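>>> Based on what follows, work out the 3D shape:
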Amino acid sequence: QVQLVESGGGLVQAGGSLRLSCAASGRTFRSYAMGWFRQAPGKEREFVAAINWNGGTTYYAECAKGRFTISRDNAKNTVYLQMNSLKPEDTAIYYCAAKADGSIGYRRASDFGSWGQGTQVTVSS
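Just a heads-up that it's a prediction; the model follows:
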């Protein structure tokens, strides 16, 4: 397993941008698929974006398409989520997650075995 630590959350006005980072420990990071999920108060955790082990394949939830970009730097053991044109409904705790088989064919939360502690994103109107 890998250990994950998110950073980059904060308070931003609607229309603004944030870049979340997720630093992973462990020499096997480059073999893992990575994902971002979020959970708003009173709601279930939902999938946002995922990237396969080498960055060649990405997948986005409808809520993220055209506004968010997931990327990774395997040399730095880090995955990123660039979020643009933020909306108040994007307010949530954002979690980074790792999937050992490297692929993103399945993207349910239960498919990801390692999770970070989360970082709060708040978008004001």
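
>>> Name the SS class of the residue positioned nearest the centre of the chain, please.
Of all residues in the chain, the one closest to the mean position by Cα atoms, centre = their mean is Trp36, 2.2 Å from it. Per DSSP: H, G, I helix; E, B strand; the rest coil, the secondary structure class of Trp36 is strand.

>>> I'd say it and Ala97 touch.
Yes: with contact defined as Cβ atoms under 8 Å, Trp36 reaches Ala97; the gap is 7.5 Å. The way it works is simple: take the backbone N, C-alpha and C, and place the C-beta from them, glycine included.

>>> Bridged to Tyr94, which residues?
With DSSP bridges as the criterion, the beta-bridge partners of Tyr94 are Arg38, Thr119.

>>> I'd like to know how many residues surround it.
23 (other Cβ atoms under 10 Å).

>>> which ones are touching it?
Tyr94 makes contacts with 6, 9, 20, 36-38, 48, 81, 118-121, as judged by Cβ atoms under 8 Å, 6 or more residues apart in numbering.

>>> cool, and Trp115?
So, once contact is read as Cβ under 8 Å, 6+ apart, Trp115 ends up touching 4, 95-98.

>>> How about Ser125?
By Cβ under 8 Å, 6+ apart, Ser125 lies in contact with 14, 88.

>>> ok, so what distance separates it from Thr91?
Counting by Cβ to Cβ, to the nearest Å, the gap between Ser125 and Thr91 amounts to 10 Å.

>>> How about Ala40?
Plainly put, Ala40 is 6 Å away from Thr91 if you go by Cβ to Cβ.

>>> buried ones in the one helix or strand Thr122 maps to?
Assigned by DSSP states H and E, Thr122 falls within strand 119-124. With burial defined by 16 or more other Cβ atoms under 10 Å, the residues of strand 119-124 counted as buried are 119, 121, 123.

>>> which residues are in contact with both of Trp36 and Ala97?
Both Trp36 and Ala97 lack any common contacting residue under the criterion Cβ under 8 Å, 6+ apart.

>>> so where is this structure shaky, pLDDT-wise?
By pLDDT under 70, the chain contains no weakly predicted segment.
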